[in-house]
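# Okay, predicted coordinates and the sequence, questions at the end:
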Amino acid sequence: MPLQPVNRRSVPDEVFDQLVGELTGGGFGPGQSLPSERRLAEVLGVSRPAVREALQRLAQAGLVDVRQGGATTVRDFRQVGGLELLPRLLFAGGNLDLSVARSILEARLHVGPRIAALAAERAGAGLADALDAAVAALAAESDPVARQRCALVFWDLLVDGAESITFRLMFNSMRAAYEPALEALAVVLSSEVDRIEAYRAVAKAVVAGNARLAERRAAALLAVATDAVNAAIDDFEGGVE
């Protein structure tokens, strides 16, 4: 995707966003040098201070090495990037990247059950009312996209109950990546969010403080949609071939 003149409402932010898009989309590969500040300012139609600020932010994110008076070298985002890149990678070039969608759901399948187990151990009965309300809201909702949002509320409660800052930050990043794809994934994820009794079963195990049972039930719940997405992706890739 070629660089475009910048909308001046938030110049450094937009310069940063465009450059991140180029780094993650393959416009500039690892080890390559970015154009000079002057050249970037000319191409983007912005001031050099705006470019300099964006480059500093890229360096702080670990995506480039900036050397005083020298070249700005691109680093491999796959080696140094964080979860905050997921939303951008999921919609690289404006289209849903199925391989990234698959990886998000696979990660969710492994992390989600452990979150449920920790919530059972650390919060247990303290989550009873909130989880009951979340399941009731899920059951009352018929719109497939809105139902996914209700499911996110359910998992948000479990993450709170798990009392793990690492899992909380992981969940936040995965949710930020997942939410823009709700409509695109609505059909395949209906196999999960329509299983009201499965959510209720997870909630009961958590409230009972049964970590092992909560973990097994959460894994069973999440596996259905993961398998459905993997099958849909395999079918799509087979059709492309």
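Happy to help now that I have it. Keep in mind it's a predicted model, so treat the numbers as computed, not measured.
# Quickly list the domain ranges of the chain.
Using automatic domain parsing, the domain parsing of the chain gives 8-81, 85-240.
# what about L86, how many residues close to it?
Applying other C-beta atoms under 10 Å, we find 20 residues neighbouring L86. C-beta here means a position set from N, CA and C on the backbone, and glycine is covered the same way.
# ditto for the one 5 residues further on
Residues contacting F91 under the criterion other C-beta under 10 Å number 17.
# where's it relative to E179, distance?
F91 sits 11 Å away from E179, going by C-beta to C-beta, to the nearest Å.
# before we move on, what about G161?
G161 is 21 Å from E179, by C-beta to C-beta.
# More neighbours: those two, which one.
For the pair G161 and E179, the greater number of neighbours falls to G161 (23 against 13), based on other C-beta under 10 Å.
# That one contacts A134, doesn't it?
No: at 11.7 Å, G161 and A134 do not qualify as touching, with contact defined as C-beta atoms under 8 Å.
# Output the contacting helices and strands for the longest helix along the chain.
When the chain is parsed with DSSP state H, its longest helix is helix 211-240. Where contact means 3 or more C-beta pairs under 8 Å, 6 or more residues apart in numbering; DSSP states H and E, helix 211-240 is packed against helix 98-122, helix 182-193, helix 196-207.
# In CSV: those helices, plus mean neighbour count and mean pLDDT.
Below are these laid out as CSV (neighbours: other C-beta atoms under 10 Å; pLDDT from 0 to 100):
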stretch, mean neighbour count, mean pLDDT
helix 98-122, 20, 92
helix 182-193, 18, 87
helix 196-207, 21, 98
